[in-house]
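Visitor: Model the structure of this input:
(one chain, ligands or ions: 1)
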Amino acid sequence: MNELRQQLHNLDQRIESRVQAIRAERDGWLCKRGCDYCCRHLDHPPDLTAIEWERVDAAVAQLPVSEQAIVEQKINALLQQIAEGNLGLSVVCPYLNEQEGACRIYDARPIACRTYGFFAARHEEQYCQQIRDEIAHRGEGTIVWGNAEAIRKKLEQIGGAAVSFEQHYGD
Ligand code: SF4
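Guide: Numbers count the residues shown, from 1 in each chain. Just a heads-up that it's a prediction; the model follows:
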């Protein structure tokens, strides 16, 4: 594993330990397989650092050919929508298996997907309405959110600036 991949992997581990801590404090935390709410309500298809794109591309290349064709179709449809300025408000991620409500590239998913629902930044919640409802119902009490700003800075150190979806697939 080269140095950058190792650093990205270390960041995954750091995030995972916060995720596990929140899960342990709150049984039945909503972010789990079967809930694909955030994957269906993106503002824009993923913009990722080069090292994350490398991991995503490798994972897509490992999918069965029929699955790769579906992902490719979705990517092309999104590229066309972007070119036409017609993206809409809720973008469905092209890597989502919509029938199963599961990520096709789960082990290679971007850092933002790993932190969403478990991390927060000052003045910036990073979770959906369902988590908001959970907090309103049960209180914020035991939740120690991960520090999203620290993760963002670390990712920038590792991977540099994000490369947009259209730039990545347009090249
Ligand atoms: S990459 Fe996977 S986890 Fe992230 S938004 Fe897409 S489907 Fe969801």
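Visitor: can you list the residues of this protein near the ligand?
Guide: Residues of the chain that fall close to the ligand, judged by CB under 6 Å from any ligand atom: Cys39, Cys93, Tyr95, Leu96, Cys103, Ile105, Arg109, Pro110, Cys113. Just so you know, the C-beta spots here come from the backbone N, C-alpha and C atoms, and that holds for glycine as well.
Visitor: Pull up the gap between the last one and Asp12, please.
Guide: Between Cys113 and Asp12 the distance is 11 Å, computed by CB to CB, to the nearest Å.
Visitor: Which one's more surrounded, those two?
Guide: It is Cys113, of Cys113 and Asp12, that has more neighbours when counted by other CB atoms under 10 Å, with 20 against 15.
Visitor: contacting residues around the spatially closest residue to that one that is not a sequence neighbour?
Guide: Counting by CB to CB, 6 or more residues apart in numbering, Cys103 is the residue found nearest to Cys113 once chain neighbours are left out, at 7.2 Å. Residues near Cys103 by CB atoms under 8 Å, 6 or more residues apart in numbering: Asp36, Cys39, Cys93, Tyr95, Leu96, Asn97, Arg109, Cys113.
Visitor: can you pull the pLDDT of the second one?
Guide: In this model, Cys39 is scored at 96, pLDDT.
Visitor: Then the fifth one?
Guide: Leu96 carries a pLDDT value of 97.
Visitor: Now go through the contacts of Cys103 and say which are in helices.
Guide: Among the contacts of Cys103, the ones falling in helices (DSSP state H) are Cys113.
Visitor: Dump the contacts of Cys103 into a markdown table; add distance to Glu3 as well.
Guide: Formatted as a markdown table, those follow (distance: CB to CB, whole Å):
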| residue | distance to Glu3 |
| --- | --- |
| Asp36 | 33 |
| Cys39 | 30 |
| Cys93 | 29 |
| Tyr95 | 26 |
| Leu96 | 31 |
| Asn97 | 32 |
| Arg109 | 21 |
| Cys113 | 23 |
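Visitor: quick one: contacts for the residue nearest to the spatial centre of the chain?
Guide: Nearest residue to the geometric centre of the chain (CA atoms, centre = their mean): Cys113, 2.0 Å. Residues in contact with Cys113 (CB under 8 Å, 6+ apart) are Cys38, Cys39, Cys103.
Visitor: For the worst-scoring helix or strand of the chain on mean pLDDT, output the C-alpha coordinates as CSV.
Guide: Using mean pLDDT, DSSP states H and E, the weakest-scoring helix or strand in the chain turns out to be helix 129-138, at a mean of 86. Presented in CSV, the C-alpha positions along helix 129-138 are these (Å, rounded to 0.1, in the frame of the first residue of the first chain):
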residue,chain,number,x,y,z
GLN,A,129,-33.8,15.2,9.3
GLN,A,130,-34.2,11.7,10.7
ILE,A,131,-31.2,12.2,13.0
ARG,A,132,-32.6,15.6,13.9
ASP,A,133,-35.9,13.9,14.9
GLU,A,134,-34.0,11.3,16.9
ILE,A,135,-32.1,14.0,18.8
ALA,A,136,-35.4,15.9,19.4
HIS,A,137,-37.0,12.8,20.7
ARG,A,138,-34.2,11.4,22.9
